[in-house]
Every structure is written in C-alpha cells, then in structure tokens.
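Colleague: I'll drop the sequence and a predicted model, then ask my questions.
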Amino acid sequence: MTRLLLVNPRFPESFWSFKWAVDGILPGKRAINPPLGLATLAALCPAHWQVEIVDENIESVPLAPRADIVGICGMGVQFNRQRELLAYYRAKGYYVVSGGSYASLCPERFETLADTVVSGEAEYIWRKFCADFDAGAPRSLYRETSVVSLADSPTPRFDLLKLEQYTTVTLQFSRGCPFRCEFCDIIVMFGRQPRWKSTEQVGRELDQLRRRNVRSVFFVDDNLIGNKKAARKLLAFLREYQARHDYRFAFGSEASLNLAQDEGLLRLFREANFAWLFIGIESPDADSLKEMGKVQNLREDMLASIARIYAHGIDVLAGFIVGFDNDTLDIFERQYRFIRASGIQAAMIGLLTALPRTPLYRRLEQEGRLIARADNTDNTKLGTNVLPLRMGYGAMVAGYKALYERILEDGNIAERVRAKMRQLRAPNYQGGEYALRARIVIVYRLIVKGVLPGGPPRIAHFLRSLPWRAPEKLPQAINDWIAGLAMRDYVRRHFGDCSEEQRATLARLVDRLRAAVANHVDRGRAAISLDGVTPALPRLSLSLAEGLDRAFFARATRHLRRLMRRTSARLTLRIDALGAVEAPCLNRSLRKLARYGDRISIVAQESVLALVRADSSVFDLVLEGPADPVGLSGSSSAADTCAARDARERLDFHLRRTK
C-alpha cells in the first residue's frame, strides 16, 4: 500500500482571506474555500493507495507524517510556502511532488525543489505518475501537452476534506475562456476553447455535497458562460435539481459582463438560485479596456449592465485593475466614482501585474518595463513588477493605497450598501447557509465587534444604510457590511506604514517588556532585540531557553499582547530549548497570542515542537531538523529563513519608496 499525503500550503493573508470575518464573525469557520484540486487528485489515485489531505489554512502540517509521498500544490501566491514545505519534507527523506497552477505555469521553478513536478491538468498525467511510482520508476517531470476531456475528471474525494470549516465549498464545471485579456494566465493554462463536464457529473458532485450538509457552493470556473450553450444546459439542470431538493444550495461563480445582455441566461441564473457572481470589470476607461483586449465589457455602459444583474436578484463582486498603459493619475478618481455608483462592496482592486508567460509579460519584457525580482504572484499588495507608462511608480502605489482607504471609509461602505439596495430586487441571497441561531450570532458579532467600535459615526452610517422597508434585503446588507469591514481591517493592518508616533510607541512597549523580564534576560534565559530596518515592517525577536518560570510567561505574554495590539510589529519567537515544565506555560501564551498569529513566526527544532502546540495554520511555523538544521525555505538555518523573508520585505519596501 502506498501512502500519500497531499498538502495545501497556507495562503498569505490578502483581501481574499476575509480574515476579520472568518476569525471573528462567522461561527465555526476557518477559511473560505477548500482545496478542490487536491480532492480531485485524490480521486485519481489507485484504489490501493491510502490518501490524506491536509489544508494548512485550517490545520497544522504534520511534522513526521506516515507517508511514502508528500505532494504539495500551490497557486502563485503560495509559492514561498510551497517551496518551504517541499524543502522541509525532502530534507527529511520523503519523496516530494510539486503541482498546482504555479507549477503548471512555471515548472522550471520547481525542478530543483521536488523529486517530481506535475505540470498541467492532472487527469491523465497523475495516473501515469501513480503507475510509474508503483513500478519504481517515477519521472522527474510529467507535463500535460494534450487536451484533457473533463468527461475523464472524477468526482472529487470530498470525504477527505473538513468541509464544515469552510464558508463555501467549490465545484468546477468548465475550464478555458474564449476571450483574449492580455494580462490573464487562464488562456495560457487552459486555452480559449472551453471544455466542460456533463450535467450527470455535476449532479453526482452535488449529491455528495448534499449528503454532507453543504449549503453554499462556488463554481470556480474562470468564466461559467465561456460557452453559453453549455452554460444554459447546466443552469437548466441546476434549476431542476434545486426544485427537486427544495433549493438546498446557494450558488456563486465567475462570469463575464456580457452576461448582462442575455436576458434568458440571466433568468436561468436567478432560477437556479445563484446568489452572486464575480465579474472582471477592470477599468471604467474604455481605452484601457480596448488596450487589455477586454472587448466584452464595451457592449454597453457597464453600470447599466451591473444594474441589470442586480435586477435579477444577483449580487455582483468585481475585480478592478489600475496601472494600464492608458492610465494616468486621474484613474483613481474614476475608479472611485464607478465603484461607489455601482454599489459593489467586494471591490477587489489590484495593481496591474505581469504574470509569467502571459501576452502582457512578453510585451513588457520586450519593452524593458518589468521590475526584476519583484513579486509577480499577488496583485493586491503595495507593489507590482510593472513599471507604469503614464505615471510614476511611487505615485501609482500611493494612489492605489489612497483609493482603498477612501472606498473603505464608513460613509463609503454605507453609500455602496444604499446604492446596491436601490438596484437589487428580491435578492437570492438570504443567508440560508447558516441556521437561524447562527445568523443571530453573526449579526450580534457584527454589531459588537464591527459597528460599535466605530463609535457614533459608524453606528449612524450602519443604521441609515439598512433597507428597513425591504426586510428581504437585510441579509445582503449585513453581508456587505461584513465584507466592507473585513477589507477595511486588512487595509488598516497591511497598508499602513509604521509612523514615527507608532515607532515611539513600539520602542516604549519593548522597553517595558525588557523591564518586566529583566532578571531572565540577565541570566541568559531570554533575549530581546528589535529590528526596525524598514519603517513599514519592524520585527521584534524574542529567544527562549530553559529555566523560565510561570511568572516570565505571564509577564511576557501580557506585554506582547499589548505590543501586538497597538503596533504593526512582527514577532519572531525563537525557542532554543524548552523543558517539560515550561511547555504548558508556553502553550497558554500561544493561545493568548493566536489572534495575532499571522504576524508571529515561531522558530524551533522538532524536539521542542513535540512539546509545543504551535499550529502552522495560525502561526508562521519555521522548523529546524534534529541534526542538520533546515529552515522551511531551504536555507541553512531557521534564522536565515526569517532573514530571507525580511530581505524580501526590505526589497519590496525599497521598490515602493524609490520607483
């Protein structure tokens, strides 16, 4: 029997994480979507293989799994963590396999990291790898070059996923998109001829989810209406399926804006109970849309298209991009006005980013307008790999930051709620994925944790925005406030530089921490240092050795919580040694610091971690092997790992300041 462990690496936090909402508002949830690709991969394995899936976004990775193969997937934004995990498990002697969308796009980046790289759609090449592994002759690269029929795609192994911990469960109907958007990598990976599953396949997957009490389903197709004939057949099937099963599911998906010109298709979406659609708006500027090749958005006024979708009771989430060659600094005001008028609350704005192998990447490379070594995996950070044509780089980043801060002001969140409520008729979304008691808890938490902390101004905006005369719209309005405040929380924590005032506060709090544990520092049992090399990213380091008592942990934890709450500092907690007596005290401290886990790196050897409950889905866990230390990034030590991360952060900061 072959034992396979499949790992979905932890995502770095982004707007898509909705961390504030998932952590504090939605009961019993840990993440937004489960790893559908790994569940599909598990279903492709031979029957005699034993498969386990670990999603690091909801649970900690095992340090010493009982496995013959460790397979680690990843999107571009997961690449750093994917690389770290590959290095760790490979150093421990496991046979490691890399795959996922980024390995499909850039397999050359993985050839020295993994024993086998799986590049491309998995339905055929994964089965070939399994057969070769059983025969003792696996290859280093499996690359799909043929056209995969989705009729050969199996029902995913949903039984291997902890579905109750996700807000929305994912399905896939089709792959590919007929359009030619210059910046998009979808047509590079999946082509321009959409392929799709049969309705019988979709029905089997829905049957499985229904048996597992799933209520909210996201079709992850990059364009569900890429082939309208196939989409109509699917939607008619879903309408009948919903009627047979008492409209069990609330659906969401991605679609192109030309949907708005097809009344029959819109009606089918409503009748199938689609609650929301994500649409790539990108820009309100017609010349920018022509530049990028997004001609499907030019068929009529885009606000009119959005209003028509709202009129069918379907919410609109949307993507926007700034930094096209046609864009000047006035694009930020135009984007602001469009987003405000459209009522779109989940407005995912990104800086134009050139993804490898896309037409945009090739063009900008020829023009010498790509920033070497800059991140090209996440366009929602304060930086990109593209040098804009008609505005300065620094001005573009500053305008992007100011645009987000502006649209996430309390008054603007409220105005978008009101604008949407005026256009949204009989919304499909009613919050039915949660039981009545859970819905009451959500509203209570929103008010206590989100509305009241904003004081009288936010309370007034909140109350004025609610559709009191149309109670059927209240769930959608509540949902919009949760989304808006979650995005606001992200911007506050990730887009703000550490001001001189905050640096002074940080220095004061570090001094108090040192004073509180001075006797332990003097005896060499603890060490404290502060690296403020970049104003945006101060990092506090705390090293622990044996001999610490309960009083130390109580005092240190109290001061660290205050420091993390009042500043944007990051904490590296290095545990050089730990005895059985100290372990319970440290574990209590970690529980109290967990809410700041995304800013806390924990460095320790495995022998220490055997005593510590350091969950890698909560904290940034950096491991050291028992003999030859190997940081999760593959560097010579865990300290080097944190240093490498700091170096990347300094590079990003330098680019933002100097371009």
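Modeller: Good, I have the coordinates.
Colleague: which intervals of the stretch 401-550 of the chain have sub-threshold pLDDT?
Modeller: 497-498, 532-537 (pLDDT under 70).
Colleague: all helices of it, in order?
Modeller: 410-423, 436-445, 455-465, 474-494, 500-516, 518-522, 550-566 (DSSP state H, counting those that start in this stretch).
Colleague: In a markdown table: these, plus mean neighbour count.
Modeller: Using the backbone N, CA and C atoms, a C-beta is placed for each residue, glycine as well. Listed next are the helices of the stretch 401-550 of the chain as a markdown table, based on neighbours: other Cβ atoms under 10 Å:
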| stretch | mean neighbour count |
| --- | --- |
| helix 410-423 | 20 |
| helix 436-445 | 14 |
| helix 455-465 | 15 |
| helix 474-494 | 20 |
| helix 500-516 | 15 |
| helix 518-522 | 14 |
| helix 550-566 | 17 |
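Colleague: Let's have those helices in TSV, adding distance to Arg215.
Modeller: Listed next are the helices of the stretch 401-550 of the chain as TSV, based on distance: least, Cβ to Cβ, whole Å:
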stretch	distance to Arg215
helix 410-423	23
helix 436-445	11
helix 455-465	26
helix 474-494	13
helix 500-516	43
helix 518-522	51
helix 550-566	35
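Colleague: nearest to Ala250, of those?
Modeller: Closest approach to Ala250 among the helices of the stretch 401-550 of the chain is made by helix 474-494 (10.6 Å; Cβ to Cβ).
Colleague: that older thread, and of the helices of the stretch 401-550 of the chain, who's closest to Arg204?
Modeller: Distance to Arg204, taken as Cβ to Cβ, is lowest for helix 436-445 among the helices of the stretch 401-550 of the chain, at 28.5 Å.
Colleague: what inclination does that closest one have with respect to helix 474-494?
Modeller: If you take axes from the mean of the first three to the mean of the last three Cα atoms, to 10 degrees, helix 436-445 sits at 50 degrees to helix 474-494.
Colleague: what residues does helix 436-445 touch?
Modeller: 24-28, 431, 434, 475, 478, 482 (Cβ atoms under 8 Å, 6 or more residues apart in numbering).
Colleague: Could you do stretch 52-67 as well?
Modeller: With contacts defined as Cβ under 8 Å, 6+ apart, stretch 52-67 is touched by 3-11, 30-31, 34-35, 38-39, 42, 81, 85, 92, 94, 157, 160-162, 165-166, 606, 609-610, 614-618, 621, 623.
Colleague: Mark out where each domain of the protein begins and ends.
Modeller: Per automatic domain parsing, the domain ranges recorded for the chain read 3-143, 168-407, 439-482, 500-658.
Colleague: Now do the helix or strand Arg239 falls within: which elements does it pack against?
Modeller: For Arg239, the enclosing helix or strand under DSSP states H and E is helix 228-244. In terms of contacts (3 or more Cβ pairs under 8 Å, 6 or more residues apart in numbering; DSSP states H and E), helix 228-244 is packed against helix 199-211, helix 263-271.
Colleague: Pull out the buried residues from the first one.
Modeller: Counting neighbours by 16 or more other Cβ atoms under 10 Å, one finds that the buried residues in helix 199-211 are 199, 201-202, 205-206, 208-209.
Colleague: By mean pLDDT, which helix or strand of the chain comes out lowest?
Modeller: Within the chain, no helix or strand scores below helix 638-658, which has a mean of 42 by mean pLDDT, DSSP states H and E.
Colleague: any low-confidence regions in the protein?
Modeller: Ranges of the chain meeting pLDDT under 70: 497-498, 532-537, 623-659.
Colleague: which residue sits closest to Ser174, ignoring its sequence neighbours?
Modeller: Trp196 (3.9 Å; Cβ to Cβ, 6 or more residues apart in numbering).
Colleague: Next, count neighbours for the closest residue to Ile575 other than its chain neighbours.
Modeller: In space, and not counting its chain neighbours, Ile575 is closest to Ala604: 4.1 Å by Cβ to Cβ, 6+ apart. Here the number of neighbours of Ala604 (other Cβ atoms under 10 Å) works out to 23.
Colleague: so which strand or helix has the residue nearest to Gln261 when sequence neighbours are not counted?
Modeller: Distance criterion Cβ to Cβ, 6+ apart; nearest residue to Gln261, sequence neighbours excluded, is Arg299 at 5.8 Å. For Arg299, there is no host helix or strand (DSSP H and E).
Colleague: wait, what's in contact with Arg299?
Modeller: Arg299 touches 257-258, 261, 305, counting by Cβ under 8 Å, 6+ apart.
Colleague: Pull up the gap between it and Glu282, please.
Modeller: Separation of Arg299 from Glu282 (Cβ to Cβ, to the nearest Å): 14 Å.
Colleague: any idea which of the contacts of Arg299 has the most stuff around it?
Modeller: Within the contacts of Arg299, most neighbours by other Cβ under 10 Å means Leu257, with 23 neighbours.
Colleague: I'd guessed that residue sits against Ile279; true?
Modeller: Yes: in terms of Cβ atoms under 8 Å, Leu257 counts as a neighbour of Ile279; the distance is 5.3 Å.
Colleague: Compare the helices and strands packed on helix 228-244 and report which one is nearest to Asn227.
Modeller: Within the helices and strands packed on helix 228-244, the stretch nearest Asn227 is helix 263-271; the backing value is 11.7 Å (Cβ to Cβ).
Colleague: Which positions in the closest one come out as buried?
Modeller: Within helix 263-271, the residues scored as buried using 16+ other Cβ under 10 Å are 265-266, 268-271.
Colleague: Please report the distance of the residue nearest to Ile575 from Ala614.
Modeller: To Ala614, Ala604 is 7 Å away according to Cβ to Cβ.
Colleague: from the chain's centre, how far out does stretch 12-27 sit?
Modeller: 9 Å (Cα atoms, centre = their mean, to the nearest Å).
Colleague: which residues sit against that stretch?
Modeller: 11, 29-32, 77-78, 80-81, 167, 348, 378, 380-381, 434, 438, 441-442, 445-446, 449-450, 482-483, 485-487, 489-490, 494, 595, 598.
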